[in-house]
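Asker: Okay, predicted coordinates and the sequence, questions at the end:
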Amino acid sequence: MEQKPNLNYIKELSGDDIEFEMKFISVLKEEIPLERKEYQKAIDANKFKETAEIVHKLKHKLNILSLTEDYKLAVLYEEDLKKGDDKLKDKFLTILEKIDTYTKKI
């Protein structure tokens, strides 16, 4: 079953501080599309080390959006990229599309 992103972690972290939640969400909405573009540029250029660094940043956002299974895949993908292996790129791109779409709606 595919996980769906949510704001549960942010709400728990904020302790009902709406201003904190809004700032956190704002940062996600700003960073995710930028990091997705960086990711696409790096993977298209077969720059695996650079791509791994971007995946490292993005994987933490997966945890924040309560996507624990996607986070686990990102951890594996990051390690594979460090070895020059990009076999998980299509699965990771699907995850990026999911979180990008989600952050545009929140």
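Answerer: Yes, it's here.

Asker: Can you give me the buried ones in the lengthiest helix in the chain?
Answerer: Longest helix of the chain, by residue count under DSSP state H: helix 18-44. Neighbour-count burial for helix 18-44, counted by 16 or more other C-beta atoms under 10 Å, picks out 21, 24-25, 28, 32, 35-36, 38-39, 42-43. Every C-beta, even on glycine, is put in place using the N, C-alpha and C of the backbone.

Asker: next structured bit after that helix?
Answerer: helix 48-64 (DSSP states H and E).

Asker: for that following helix, the distance to its chain's centre please.
Answerer: Computed by C-alpha atoms, centre = their mean, to the nearest Å, the chain-centroid distance of helix 48-64 equals 7 Å.

Asker: in that helix, what counts as buried?
Answerer: Buried residues in helix 48-64 (16+ other C-beta under 10 Å): 48, 50-55, 58-59, 61-62, 64.

Asker: Which two among those are spaced furthest apart?
Answerer: Greatest spatial distance among these (C-beta to C-beta): Phe48 and Ile64, at 24.9 Å.

Asker: quick one: which of the buried residues of helix 48-64 is nearest Leu13?
Answerer: So of the buried residues of helix 48-64, ranked by how close each gets to Leu13 (C-beta to C-beta), first place is Ile64, at 8.5 Å.

Asker: you'd agree the closest one is up against Tyr9?
Answerer: Yes. Here Ile64 lies in contact with Tyr9, judged by C-beta atoms under 8 Å, at a distance of 5.5 Å.
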